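A structural model of the following input is requested.
(chains A, B and C)
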Amino acid sequence: MQHNQVVRVAMVPGSHQSGLVGMVGEDGTPEGPAQEVSDLAAAVTELERAGDVRWIWPSSARLYPDLLRAGARVARCHDIELTGSLIRARDQDQAEPPAISAAAARLAAATAAWGSHTREQLLFAGDEAAPVDPRCAWTDVVDVHAHQVARIAADPHPAKFGLLAAAESAGGLAAAEMTAAGLPWRADVHDRLLTEVLGPRPPATAGPPLRPTRLAELAAQISETLGAVRPVNLDSPVQLLRALAASGVRVSSTRTSVLRQVDHPVIPLLLEYKELARLNSANGWSWLDTWVSGGRFRPEYVVGGVVSGRWASRGGGALQIPRLLRQAVIADPGWTLVVADAAQLEPRILAALAGDRAFAQTAMSGDLYEAVAAAIGGERKTAKVALLSAMYGGMGGDGGRSLALLRRRFPQASAFVERAARAGEEGQVVRSVLGRTCPLPSAAWLSLTADSVDPDEDRDPGAGAAARARGRFTRNFVVQASAADWAQVLLATLRNSLAEMSAPDLGQPHLVFFQHDEVIVHSPAEKADEVVAAIDAAALTATSLVFGATAVTFPMATAVVDCYSGAK
DNA sequence: TCAACAGGCGCG
DNA sequence: AAAGCGCGCCTGTTGA
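Here you go, the predicted structure:
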């Protein structure tokens, strides 16, 4: 990457379209007073054109959607909200300077007022929403930014933690851009899929929505098969359990996995009902009405919404799109979807984290699970379960034997996750490769697991279970959070290279979806090959930025398709 | 009447 | 003996 001089510009919005902008140095020291601009979006665009800018602002989630709507795109930023979360998670035991806390609190309150989706709330907020003085907000931005820069520099690994903050900030930009772009979604295809399996869309009524015909049929058949005297509400696990028991079907729960083990004529009907009822309630016509408009599904991503650094989402269950409905994700005419996922990301991350040479050697293979199977002598499926057990802390099934084999064959990788588990059990925190820190144990956990003062008094019987649960959490955290680090650096890198692809006649390839270890780029068909290459390059860049030199490879499984369901 | 909880299941 | 990690969101149930 070419590093030109990047200037830092602190900015806050003012009333109407105005705003305040002012340059600060690398360390955050202001280089003069803030200037007022009457059209903030225009000023942003102009400065972006003039050179490389890092915008220092309170929150991309609150500010960037409005700028995007006004046609302003920014290349990079320092997101005070996201960076602050990273720093606070790391410095949990240290008090922040009161002046910084106060400034951050004022900014948080101000950003709530700026947030575009809270506009309506503001109308009713009355005098609770104090007017924000932009001059004060700008000074707060400058002060908090300077403090954050210093706190990043104070990290034991400042380059890595700095990379984390930069990637997280870039993630915030990518998230807002993806919401603005939307995931191409064909409502007609979705409707056809629903109609095929559920029957035609029930007509709207004043009361609760009618049940689709197929669900009604199944419910009737199930009641009949069970010989129920009165109709059973199949959506109530309690009622269903009772009805099953009355017909001699004794099960511990109504979970699909439990029902599958039962041989009874009602079971296939129930399984079909559960699957279709889920589709209808989670992603049925009402979901379609609510979340898809203008041929796009626009979820809100919550960057840093998971403690591990994975993104969460708000509204529409964006990170749980059922496989069936991926058939409705179709590129615009003349465009294509480049769907890429990092193959077996988490075990590869573990290999790189642990510096386990034997495991790294194995992880150079295209199919990691197959290679592990060969290494420990067994089936691919067994190897996969054993590896996942090692990372999740499970001991289930016949995994015990394979787990022992893994431990012998890959001692360093095993020791790495075991160490993380021990730390968690002892109430310590663990960090990802770039320095994202897991939360401290709760007060409840501490009192539950604390050794009793009186040696005669028995420990709470739940203490061991709680300690082991936290051990499983920290064991998984080091892997899941490091995978999130890697994926977010990839996303940030890819976002940059896509922005540099000029396709004036065709349109710009752009990110439309990001799900933990998978990205989708909506691209003019002619640009697809270039996008595929950019994705491979981004994976290489992410690997070297995050891990430095490592033998572990991170292959991307990439498909160029018209329809999302055509990928793998 | 509404909020919190439980059971369940979609995704990685 | 039992148990694996992280989420969001739906419906039904419970209790203030």
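
now do the longest helix along chain A: distance to the chain's middle.
Longest helix in chain A, counting residues (DSSP state H): helix A:462-500. Between the centre of helix A:462-500 and the centre of its chain there are 10 Å (C-alpha atoms, centre = their mean, to the nearest Å).

now swap in stretch A:79-96 and tell me
19 Å.

next: stretch A:377-393.
On C-alpha atoms, centre = their mean, the centre of stretch A:377-393 falls 24 Å from that of its chain.

is it anywhere near DNA strand B?
No. Applying C-beta under 7 Å from any atom of the strand, one finds stretch A:377-393 separated from DNA strand B by no less than 8.6 Å. Backbone N, C-alpha and C define where each C-beta goes, glycine included.

list the buried residues of that stretch.
Going by neighbour count (16 or more other C-beta atoms under 10 Å), the buried part of stretch A:377-393 is A:378, A:382-387, A:389-393.

with secondary structure and pLDDT as extra columns, can I get those in TSV?
Listed next are those as TSV, based on DSSP: H, G, I helix; E, B strand; the rest coil; pLDDT from 0 to 100:
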residue	secondary structure	pLDDT
A:Gly378	coil	89
A:Thr382	helix	89
A:Ala383	helix	91
A:Lys384	helix	91
A:Val385	helix	89
A:Ala386	helix	90
A:Leu387	helix	92
A:Ser389	helix	90
A:Ala390	helix	91
A:Met391	helix	92
A:Tyr392	helix	90
A:Gly393	coil	90
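
hmm, the longest helix of chain A touching DNA strand B?
Yes. Part of helix A:462-500 sits near DNA strand B under the criterion C-beta under 7 Å from any atom of the strand, namely A:Gln480.

hmm, the strand or helix carrying A:Leu271 touching DNA strand B?
Element membership of A:Leu271, judged by DSSP states H and E, is helix A:266-283. Yes. Applying C-beta under 7 Å from any atom of the strand, one finds helix A:266-283 in contact with DNA strand B at A:274-275, A:278, A:282.

what's in contact with the helix or strand where A:Ala375 lies?
Using DSSP H and E, A:Ala375 falls within helix A:368-376. For helix A:368-376, the surrounding residues in contact (C-beta atoms under 8 Å, 6 or more residues apart in numbering) are A:343-344, A:347-348, A:358, A:362-363, A:365, A:379-380, A:382-384, A:386-387, A:402, A:405-406, A:409-410.

out of the residues you listed, which are inside strands?
Using DSSP state E, no member of the contacts of helix A:368-376 falls in strands.

so which of the residues you listed are in helices?
A:347-348, A:358, A:362, A:380, A:382-384, A:386-387, A:402, A:405-406, A:409.

can I get the residues you listed in CSV with distance to DNA strand C?
As requested, these are exported to CSV (distance: C-beta to the nearest atom of the strand, whole Å):
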residue, distance to DNA strand C
A:Pro347, 13
A:Arg348, 16
A:Ala358, 22
A:Thr362, 20
A:Arg380, 15
A:Thr382, 11
A:Ala383, 12
A:Lys384, 9
A:Ala386, 9
A:Leu387, 10
A:Ser402, 11
A:Leu405, 15
A:Leu406, 12
A:Arg409, 18
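
which single one of those is nearest to A:Ala483?
Nearest to A:Ala483 among the ones in helices among the contacts of helix A:368-376 is A:Arg348, at 8.6 Å by C-beta to C-beta.

in this structure the closest one contacts A:Thr553, no?
Yes. Contact criterion C-beta atoms under 8 Å: A:Arg348 and A:Thr553 qualify, at 7.4 Å.

which neighbours do those two have in common?
A:Ala363.

who has more neighbours, those two?
A:Arg348 (26 against 18; other C-beta atoms under 10 Å).

the closest residue to the more buried one other than its chain neighbours and A:Thr553: what is the separation?
Nearest residue to A:Arg348, sequence neighbours excluded (C-beta to C-beta, 6 or more residues apart in numbering): A:Ala363, at 5.0 Å. A:Ala363 is 7 Å from A:Thr553, where distance means C-beta to C-beta, to the nearest Å.

overlap in contacts, those two.
Joint contacts of A:Ala363 and A:Thr553 (C-beta under 8 Å, 6+ apart) are A:Arg348.

before we move on, the earlier item: now for whichever helix or strand comes after the longest helix of chain A, which elements pack on it?
Proceeding N to C from helix A:462-500, the next assigned helix or strand is strand A:510-514, under DSSP H and E. Packed against strand A:510-514 by the contact rule (3 or more C-beta pairs under 8 Å, 6 or more residues apart in numbering; DSSP states H and E) you find helix A:158-181, strand A:183-184, helix A:462-500, strand A:518-524.
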